[in-house]
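J.: Quick one, what's the 3D model for this:
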Amino acid sequence: MTSTPQERLRLVGREEPAAPALSWVMNLDDSDSPRDIIDALFLAPYLSGEQPHAVAVELEGVKPDAPLQPQDARVVRASDDESTKATLSVGDGWTLRVVRRTNGNAMVDVCAVTDELARTVLEMCSADATVEPEVDDSQVSMGFWHNSAHGPQRRERTISADAWAQVEGNYGTDVGAAIRKLMALRAEDVSGRLLLLHGPPGTGKTSALRALAREWSQWCQVDCVLDPEVLFATPGYLMEVAIGVDTYDQNKRRWRLLVLEDCDELIRGSAKESTGQGLSRLLNLTDGMLGQGRDVLVAITTNENLSRLHPAVVRPGRCLAQLEVGPLAPAEASAWLERELGDRPKPAVGPDGMTLAELIEAREERTRIQSTPVEFSNAGYL
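T.: Numbers count the residues shown, from 1 in each chain. Next up is the predicted model:
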């Protein structure tokens, strides 16, 4: 019995003389996975021209028992790993690839001899396959960028984020009022492109950004760049992140906020000397040629004092927000402890107040695992 093109992997293939000439080669090594083989087999009939019509759909909230394939489908390959399950199925005149993810989403791709057949198979796979997800406002979608050996990569994850009303009391009166204004902004209110949060560690800068991701979720996608020093040192990576491919409805304006944490070297006064073109590329992204026509905001957290920041970063008109997030003043810290601890014993509040991290540690009664240095005598070790 002769196998069909969908059932075998052609390392070198050439299509029939009747179709336009197209040669293709796939190289395999020990870095390839069964999923890579499935991807190649799916593309084989499309590349050969035997099934020249392809359609696809991304499904969310897929039912665990949804088959995602027609009843007459014949599975020819399958792979299952920790995060995805992929299957390759064939039928009369069509090939189907389904990739199911553990988060309940699935990607369905079909190629077929006609466009009508491809769309019919896709509809059969999608019919009654999903459920409306339960709305959980505390869960926010956030992207995470990093530059790998295979180029820029983006992974999307769901994070927990409190509403601003839930965490507003964690900030001092002045900075809390400023953050409240920032939370209330909408796309039409955006002026500057740079958000700057500076202050000592443990004061709640990252917590404020998580709340911001939730408050802005209807009009702004938040992405965190895990390697900002590489981003601004690699033009190709920067172009991919800044320009990228829009994944939202072009008729609905949706901004993106790139979060760069702990970027002290990038924006301090000596940045030009220490990072080379990094500072210039950051400024170009926020209000230069690179940023033109792109709805991109950049949020930077730093432990640097305001007086040590580069003047080009903080010049008027560039910052949408510039927030000094510090410890709670003694009276504010005492009020926080009274509110959160009630009748429980409370730590003493010093003249410099307390950081949010210190307050939460007191509330949660966390015991720190640590060792105490031992002073050795001149006798040395026994």
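
J.: Nearest residue to Glu332 in space, please, no chain neighbours.
T.: Gly172 (5.5 Å; CB to CB, 6 or more residues apart in numbering). All C-beta spots, glycine's among them, are computed from the backbone N, C-alpha and C.

J.: Am I right that Leu283 is in a strand?
T.: No. Secondary structure of Leu283 (DSSP: H, G, I helix; E, B strand; the rest coil): helix, not part of a strand.

J.: can you give me the helices in the stretch 51-200 of the chain?
T.: 115-126, 164-167, 173-183 (DSSP state H, counting those that start in this stretch).

J.: Bridged to Val90, which residues?
T.: Counting by DSSP bridges, Val90 is bridged to Arg74, Thr95.

J.: neighbours of it, just the number please.
T.: As a burial measure, Val90 scores 22 neighbours (other CB atoms under 10 Å).

J.: Look at it and report its pLDDT.
T.: Here, the pLDDT recorded for Val90 equals 97.

J.: distance of it from Ala78?
T.: For Val90, the distance to Ala78 (CB to CB, to the nearest Å) stands at 13 Å.

J.: I'd like to know which elements the top helix by length along the chain is packed against.
T.: Longest helix of the chain, by residue count under DSSP state H: helix 34-48. On a contact count with 3 or more CB pairs under 8 Å, 6 or more residues apart in numbering; DSSP states H and E, helix 34-48 meets strand 12-14, strand 74-80, strand 84-91, strand 94-101, strand 106-112.

J.: Which residues in that helix does the neighbour count mark as buried?
T.: 35, 37-48 (16 or more other CB atoms under 10 Å).

J.: Stretch 90-110 too?
T.: Neighbour-count burial for stretch 90-110, with 16+ other CB under 10 Å as criterion, is recorded at 90-91, 94-100, 105-106, 108-110.

J.: out of those residues, who's nearest Asp264?
T.: Asn105 (37.2 Å; CB to CB).

J.: So that closest one sits against Val57, correct?
T.: No. Applying CB atoms under 8 Å as the test, Asn105 and Val57 come out as separate, 11.0 Å apart.

J.: follow-up on the earlier one: the helices of the stretch 51-200 of the chain into TSV, with extra columns for mean pLDDT and mean neighbour count?
T.: Shown next, in TSV, are these (pLDDT from 0 to 100; neighbours: other CB atoms under 10 Å):
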stretch	mean pLDDT	mean neighbour count
helix 115-126	97	18
helix 164-167	95	15
helix 173-183	95	16
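
J.: now, among the buried residues of stretch 90-110, which is nearest to Val325?
T.: Asn105 (35.5 Å).

J.: Tell me how many other residues crowd the nearest residue to that closest one once chain neighbours are set aside.
T.: Residue nearest to Asn105 in three dimensions, not counting chain neighbours: Glu60, with 5.2 Å by CB to CB, 6+ apart. For Glu60, the neighbour count with other CB under 10 Å is 13.

J.: Over to Pro347?
T.: 13.

J.: Show the residue spans covered by the strands in the stretch 101-250 of the chain.
T.: Listed in chain order, the strands of the stretch 101-250 of the chain (DSSP state E, counting those that start in this stretch) span 106-112, 139-148, 151-160, 194-198, 220-225.

J.: Out of these, the one nearest Leu212 is which?
T.: Closest among these, using CB to CB: strand 220-225, at 7.4 Å.

J.: Reformat the buried residues of stretch 90-110 as TSV; add distance to Cys220.
T.: Formatted as TSV, the buried residues of stretch 90-110 follow (distance: CB to CB, whole Å):
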residue	distance to Cys220
Val90	43
Gly91	42
Trp94	40
Thr95	39
Leu96	36
Arg97	33
Val98	32
Val99	28
Arg100	29
Asn105	22
Ala106	26
Val108	29
Asp109	30
Val110	34
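
J.: Just give me the least confident of those residues.
T.: Note: of the buried residues of stretch 90-110, the lowest pLDDT belongs to Asn105, at 91.
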